[in-house]
Every structure is written in structure tokens, then in C-alpha cells.
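Enquirer: Sequence first, predicted coordinates after that:
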Amino acid sequence: MPITPASATHRSSNGTAEAILLELVDENGTTIGTAEKLAAHQPPGRLHRAFSVFLFDEQGRLLLQQRALGKYHSPGVWSNTCCGHPYPGEAPFAAAARRTFEELGVSPSLMAQAGTVRYHHPDPDSGLVEQEYNHLFVGLVQSPLDPDPEEVGATAFVTAGELAERHAKDTFSSWFMTVLDAARPAIRELTQPSAGW
């Protein structure tokens with residue numbers, strides 16, 4: 001899918017299009033500047049702050065989302081509940097809660113920090129690069145979902161076994177297994193041992 005300048009902009013409160021800025025960080029996660037979102041993802045990629053959310057229902061099933069086909073980066077692939085980038089100066093926890101509501105129309109009933117992970121994942125389909133210092137969050141969702149169709153193509157609650165089956169046959173985001181594996185210790189604390197995470 002072609003990348004257009006409008007793909008990495010959002011509308012301000014007065015209706016004008018504004019470029020989305022990301023927070024650039026060093027290897028320790030210390031802020032060192034900002035960059036426009038699309039530029040930060042151009043090869044070789046610039047290390048920037050991101051977040052990934054993993055929400056579970058009361059049965060210990062993970063909420064997955066399929067990214068909408070209209071997204072300029074990794075469209076149509078399955079991934080964790082929500083992921084994105086804080087605005088410069090925005091706390092990762094606040095950004096994670098904000099984007100979860102914007103994308104899925106739901107606020108977590110519980111959400112806790114689950115560490116950080118740093119990775120570098122090129123996406124061969126788009127030519128973009130994920131070079132991220134990612135803050136991880138795990139939590140519970142207890143309200144009905146109301147996904148934004150411009151962000152989310154589909155959702156699914158899956159057990160650990162169902163995820164393994166789905167991962168073997170469907171396409172997932174390049175970063176999914178990296179962030180899931182990094183979040184597993186916190187996921188196991190959140191869910192029952194019988195859930196198998």
C-alpha cells in the first residue's frame with residue numbers, strides 16, 4: 001500500500017492536519033528529541049518510545065486485534081490488544097489507556113506496567129522499520145468492545161492454545177512475539193496458572 005503524507009497525520013482540535021511526532025530515546029529509554037512518525041520508521045529506523053497493551057477477559061483469554069486494512073503500517077495483520085506511541089511528553093501509561101479507548105472503545109478495568117523491551121524489526125511488506133523502546137502493560141477488560149473501524153478490522157479473545165493455532169496459520173505483526181514473550185512474566189501473574197500463558 002502506498003504511503004501518503006496524510007497517513008501519518010491527525011486532525012487537531014481546530015480541524016487542521018498535523019504531523020504526528022514521536023519521542024526519540026537512547027538505549028536507556030531517556031528522551032533525546034522528537035521525529036515525525038513516518039520519518040522515524042524509514043530505514044534504518046530511529047529508536048523511539050512505544051507501548052504495547054495485553055488485555056485479558058475474566059476467563060484468562062487474550063484480546064487480539066486485527067489491524068484495519070487502511071492502516072499504512074502492517075495493515076490487516078493480527079497483533080496484541082493495542083499498541084502505539086505516546087505523544088512527546090505523554091506518560092506511556094496514559095498513552096496506552098488513551099489509545100486502547102480510541103481504538104477499541106473500552107477502558108481497562110485494571111492495567112499494570114509489565115516492563116520494557118527494545119527491538120528492531122524491519123517490515124518487508126511496507127519497507128518500514130520498527131526500532132522501538134516499548135513499554136509493556138497488562139490488564140483486564142470487562143466491558144463490551146466498540147472498535148473504531150478505521151483502526152481495527154476485527155477482534156478475538158483467545159486462549160493460549162488458540163493463539164498458538166492462530167499464530168501458525170494467520171499473519172501477525174512483526175513485533176507481536178517479541179512483546180508477548182517480554183510481557184509473559186506479568187501475564188502469568190495476572191492470569192490463573194491454568195490459563196497456560
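Expert: Received it, and whenever you're ready, just let me know what you need. Numbering: from 1, shown residues only.
Enquirer: all helices for this protein, in order.
Expert: 37-40, 92-104, 160-169, 176-190 (DSSP state H).
Enquirer: Mean pLDDT and mean neighbour count added to those, as CSV?
Expert: Backbone N, C-alpha and C define where each C-beta goes, glycine included. Shown next, in CSV, are the helices of the chain (pLDDT from 0 to 100; neighbours: other CB atoms under 10 Å):
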stretch, mean pLDDT, mean neighbour count
helix 37-40, 94, 19
helix 92-104, 97, 20
helix 160-169, 97, 12
helix 176-190, 97, 18
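Enquirer: Residue 111 is nearest to which of those?
Expert: Closest of the helices of the chain to residue 111 is helix 92-104, at 6.5 Å (criterion: CB to CB).
Enquirer: now that closest one, how far from the chain's geometric center?
Expert: Its chain's C-alpha centre and that of helix 92-104 lie 10 Å apart, by CA atoms, centre = their mean, to the nearest Å.
Enquirer: before we move on, the earlier item: looking at the helices of the chain, spot the one closest to residue 82.
Expert: Among the helices of the chain, helix 92-104 comes nearest to residue 82, with 4.6 Å by CB to CB.
Enquirer: Could you point out which of the helices of the chain sits nearest residue 65?
Expert: Judging the helices of the chain by CB to CB, what sits closest to residue 65 is helix 92-104, at 7.0 Å.
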